[in-house]
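Q: Curious how this folds, go ahead:
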Amino acid sequence: MKGIILAGGTGSRLDPLTRVTNKHLLPVYDRPMIYYPIQTLVNAGIKDIMIVSGKGHAGQFLELLKSGKEFGAKFSYAVQEEAGGIAQALSLCEDFADNEKIVVMLGDNILEDDITNAIESFKSQSSGAKIFLKEVVNPKSFGVAEISGDKIKSIEEKPKQPKTNFAVVGVYLYDAQVWGAVKKLKPSGRGELEITDVNNFYVSKGEMTFEILQGWWGDGGESFDSLLQAANLAAAKK
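A: Predicted coordinates for the structure are as follows:
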């Protein structure tokens, strides 16, 4: 199973820190932000990883991360030339995935949980996808899942009136159907291909499973406060 880390975007919510630096290279306590998702995947046994960054920063990722040997992994790189959304960035990785199941992680997500068991469970899932949920106090800022028993009924992106407080975490496990789903996407109102629409493709087929994170989850790119919180959580974990 291969891994994909999406590390593009403009990082406008962290301006001016991101005017000359990709947000995923900003420090979170004692290391660059992108080190955390890399370690999460490597700890789960995912060693073949593609990193997608935006133009203007690809060389910095290569200079920092190199071949991946330092992490006990093998890195490949792709460049998202224009900001087109998470799903558009994912579409660049179809050849890399080579029809295998994949785990996709956003480069600003920092997890305390070990996701090894979830990945092993997904390997035995005959088809479909799996996402991770986390109870939050501010669900309006995230994609929010409505669940019934062990099923997900719907996922709504940044709802004004959330039906639950279960935010969709930026870690997604997909089978090869994902490539067909991405190709059928239409740009959203903000002109991007949305990952929530990919997830709802699986929800509509009844093929979306989920896990609920028990440990803390940090979204280092959401705001200055979330960046500070992620750093404090990482420091406390030491």
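Q: could you pull out the strands for the chain?
A: According to DSSP state E, the chain carries its strands in the segments 2-7, 27-28, 31-32, 48-54, 74-80, 102-106, 109-111, 129-135, 143-148, 151-157, 166-174, 208-212, 217-219.
Q: partner strands of the third one, parallel or antiparallel?
A: Meaning strand 31-32. strand 27-28 (antiparallel) (DSSP bridges).
Q: what's the distance between the partner strand and the middle of its chain?
A: Remark: strand 27-28 is offset 18 Å from the chain centroid, using CA atoms, centre = their mean, to the nearest Å.
Q: same deal with stretch 64-71?
A: Centre-to-centre, stretch 64-71 and its host chain are 20 Å apart (CA atoms, centre = their mean).
Q: Any chance you could list what contacts that stretch?
A: With CB atoms under 8 Å, 6 or more residues apart in numbering as the test, stretch 64-71 has contacts from Leu25, Pro32, Ile34, Ile38, Gln39, Val42, Lys47, Ile49, Ile51, Lys74, Phe75. Quick note: C-beta positions are derived from backbone N, CA and C, even for glycine.
Q: let's go with 7 Å and repeat that
A: For stretch 64-71, the surrounding residues in contact (CB atoms under 7 Å, 6 or more residues apart in numbering) are Leu25, Pro32, Ile38, Val42, Ile49, Ile51, Lys74, Phe75.
Q: in this protein, which helix has the most residues?
A: The longest helix of the chain (DSSP state H) is helix 224-237.
Q: Would you mark the buried spots in that helix?
A: Neighbour-count burial for helix 224-237 flags Ser226, Leu227, Gln229, Ala230, Ala231, Leu233, Ala234 (criterion: 16 or more other CB atoms under 10 Å).
Q: Pull the number of nearby residues for the closest residue to Gly85 other than its chain neighbours.
A: With sequence-adjacent residues excluded and distances taken as CB to CB, 6 or more residues apart in numbering, Gly85 is closest to Glu192, at 2.9 Å. Neighbour count for Glu192, taken as other CB atoms under 10 Å: 17.
Q: does Glu192 really touch Ala89, like I thought?
A: No - with contact defined as CB atoms under 7 Å, Glu192 and Ala89 do not form a contacting pair (9.8 Å).
Q: returning to what we had before: lowest average pLDDT across the strands of the chain?
A: Looking at the strands of the chain, the lowest mean pLDDT belongs to strand 217-219 (a mean of 87).
Q: other SSEs contacting it?
A: On a contact count with 3 or more CB pairs under 7 Å, 6 or more residues apart in numbering; DSSP states H and E, strand 217-219 meets strand 109-111, helix 224-237.
Q: who does the first one pair up with?
A: The one in question is strand 109-111. Partners of strand 109-111 in the sheet, by DSSP bridges, are strand 217-219 (antiparallel).
Q: And the contacts of the strand it pairs with?
A: Asp108, Asn109, Ile110, Leu111, Lys134, Val169, Ser226, Gln229, Ala230, Leu233.
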